[in-house]
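Visitor: Output the structure for:
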Amino acid sequence: MRMIRPGETKPVVVQFEPHAQQIFEERVILYSDHTMVSVLLKGIGVRPEVKIDPEDGLINFGNIMLGESTEKTFTIQNVSSFPVSFKLEKLVDGVTNKSKQLPFTLVPAEQTIPANETTTVKIVFTPDQSNDHFFEVLLIDIPNQINAKRVYLRGQCYNRQMGIREYTPFEWRPLDELKKRYEEPLALLDHSSQKEGGRRRIVLEYLRDEDALKIQDYPHLQEQNRVRKILVGNCKLEDVKMEKNGNYEFNAGVSKHLI
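Guide: Numbering: from 1, shown residues only. Okay, here's the model as predicted:
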């Protein structure tokens, strides 16, 4: 028993930690030597929920020329009946800039969204080297959210207006697979120092049939025992007056048979 002197008051601290989205009620009874009083405690367990646009979370910046930048936006809508605070947390990324500037700049990277309101996040893509593997997977970090939302950013940078790369569909993949994809040797090799008449040479490597049959999740990888795809792109420039149509030509090189 705790002592309370005549005319004295003492606070009682009650901690509410719900384990589900529902209404909780509990009656607390306080006893003394001669009396008994009760207090009804009531609380509602809630979990924050947000929606994003684009709904699939895929944001493709496409091709950009070295020395330029481009920006896109996505929205986060708070569909909860109370304010929600979020923070954009990077889970995995591809290549990074050589300078201290990040390839993807997020504005804002964290914020509190009032109930039933929407905020817009601006993303500026500013690469400082020519590479096909600029990407980031971001978690919209909200404590106790119902369904965790993620955003997948991707872009390519070329030192000329025309660019060529191996074709890979822009789709969600496991984070471990994204890490391995960047760390593994590229199937499409850029032999910058080997040129014939100013034309870029490309070497394509095909999978063995037995290796292709082991791939179940991604059909585009399974077909690489017979079909390989490359993508030729033309960068959109900040100064539209500098844009021009691009021309390209494919010439078969030397073929080798390896056993």
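Visitor: roughly how far apart are residue 131 and residue 228?
Guide: Using C-beta to C-beta, to the nearest Å, residue 131 is found at 20 Å from residue 228. The way it works is simple: take the backbone N, C-alpha and C, and place the C-beta from them, glycine included.
Visitor: ugh, wrong one, I meant residue 237
Guide: Distance from residue 237 to residue 228, by C-beta to C-beta: 29 Å.
Visitor: Same check on residue 101?
Guide: Counting by C-beta to C-beta, the gap from residue 101 to residue 228 is 35 Å.
Visitor: Looking at those two, which is more packed in?
Guide: Per other C-beta atoms under 10 Å, whichever of residue 101 and residue 228 has more neighbours is residue 228, with 16 against 12.
Visitor: Just give the nearest non-adjacent residue to the more buried one, would you?
Guide: In space, residue 228 comes closest to residue 204 once its chain neighbours are excluded; the distance is 4.8 Å by C-beta to C-beta, 6 or more residues apart in numbering.
Visitor: do the same with residue 144
Guide: That would be residue 47: by C-beta to C-beta, 6+ apart, it lies 5.1 Å from residue 144.
Visitor: Surely that neighbour touches residue 145?
Guide: Yes - proximity of residue 47 to residue 145 meets the contact threshold set by C-beta atoms under 8 Å, at 6.5 Å.
Visitor: what number of residues lie near the residue nearest to residue 228?
Guide: So residue 204, with other C-beta under 10 Å, has 12 neighbours.
Visitor: What does the pLDDT read for it?
Guide: On the pLDDT scale, residue 204 is placed at 80.
Visitor: hmm, back to that, assign the residue nearest to residue 144 to helix, strand or coil.
Guide: coil (DSSP: H, G, I helix; E, B strand; the rest coil).
Visitor: do you know how far it is from residue 87?
Guide: 17 Å.
Visitor: Next: residue 26.
Guide: 33 Å.
Visitor: Between those two, point out the one with more neighbours.
Guide: residue 87 (14 against 11).
Visitor: Now do the contacts for the more buried one.
Guide: By C-beta atoms under 8 Å, 6 or more residues apart in numbering, the contact list for residue 87 reads 109-110, 141.
Visitor: just these now: which is nearest residue 250?
Guide: residue 109 (43.1 Å; C-beta to C-beta).
Visitor: for that closest one, what are its contacts?
Guide: 87-88.
Visitor: which one among the contacts of residue 87 gets closest to residue 243?
Guide: Nearest to residue 243 among those, counting by C-beta to C-beta, is residue 109 at 32.2 Å.
Visitor: Return the backbone torsion pair for that closest one.
Guide: With angles defined as degrees, to the nearest 10, residue 109 sits at phi -90, psi -20.
Visitor: can you pull the buried residues of the helix or strand where residue 87 lies?
Guide: Assessed by DSSP states H and E, residue 87 sits inside strand 84-93. Buried residues in strand 84-93, defined by neighbour count with 16 or more other C-beta atoms under 10 Å: 84, 86, 88, 92-93.
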